[in-house]
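In: Sharing a sequence plus its predicted fold:
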Amino acid sequence: MTSLARILIVDDEPAILSALRRGVSIHNIHADVCVDSTTAEELLRTAVANNAPYDLVLSDYGLGGGHTGRDVLKAA
């Protein structure tokens, strides 16, 4: 079965990432997850380079290390 959408979820809390991934997967939505802005930015750049951008980026605002969800979205 093909996914309806492809999203990126960014949060520094593994339990939240797991819950969100499970929540979207029951609706046939593929979710990549990561715990930091550096990895998120790499995933975003790779997705665009492969002509397969994410349909949605869902990010926590406070990501630790002085980075924010806003930083992630700027990279998108």
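Out: Structure received. Numbering: from 1, shown residues only.
In: all contacts plus neighbour counts: C-alpha atoms, from now on.
Out: Noted.
In: Enumerate the positions of stretch 15-31 that are buried.
Out: 17, 20-21, 29-31 (16 or more other Cα atoms under 10 Å).
In: Sitting in strands, which of these do you find?
Out: 29-31 (DSSP state E).
In: quick one: contacts for the nearest residue to Asp32 once chain neighbours are set aside?
Out: Excluding the flanking residues, the one nearest Asp32 by Cα to Cα, 6 or more residues apart in numbering is Leu8, at 4.9 Å. Contacts for Leu8 (Cα atoms under 8 Å, 6 or more residues apart in numbering) come out as 31-34, 40, 54, 56-59.
In: any idea which of the ones in strands among the buried residues of stretch 15-31 is closest to Ala76?
Out: Ala31 (16.0 Å; Cα to Cα).
In: and that closest one, what are its bridge partners?
Out: Ile7 (DSSP bridges).
In: I'd say it and Val24 touch.
Out: Yes - Ala31 lies in contact with Val24 (Cα atoms under 8 Å); the separation is 7.3 Å.
In: what's the spacing between stretch 58-71 and its chain's center?
Out: Relative to its chain's centre, stretch 58-71 lies at 11 Å (Cα atoms, centre = their mean, to the nearest Å).
In: which residues sit against that stretch?
Out: So stretch 58-71 is contacted by 7-12, 35-37, 72 (Cα under 8 Å, 6+ apart).
In: Surely Cys34 touches Ile9?
Out: Yes - with contacts counted by Cα under 8 Å, Cys34 reaches Ile9, the gap being 6.6 Å.
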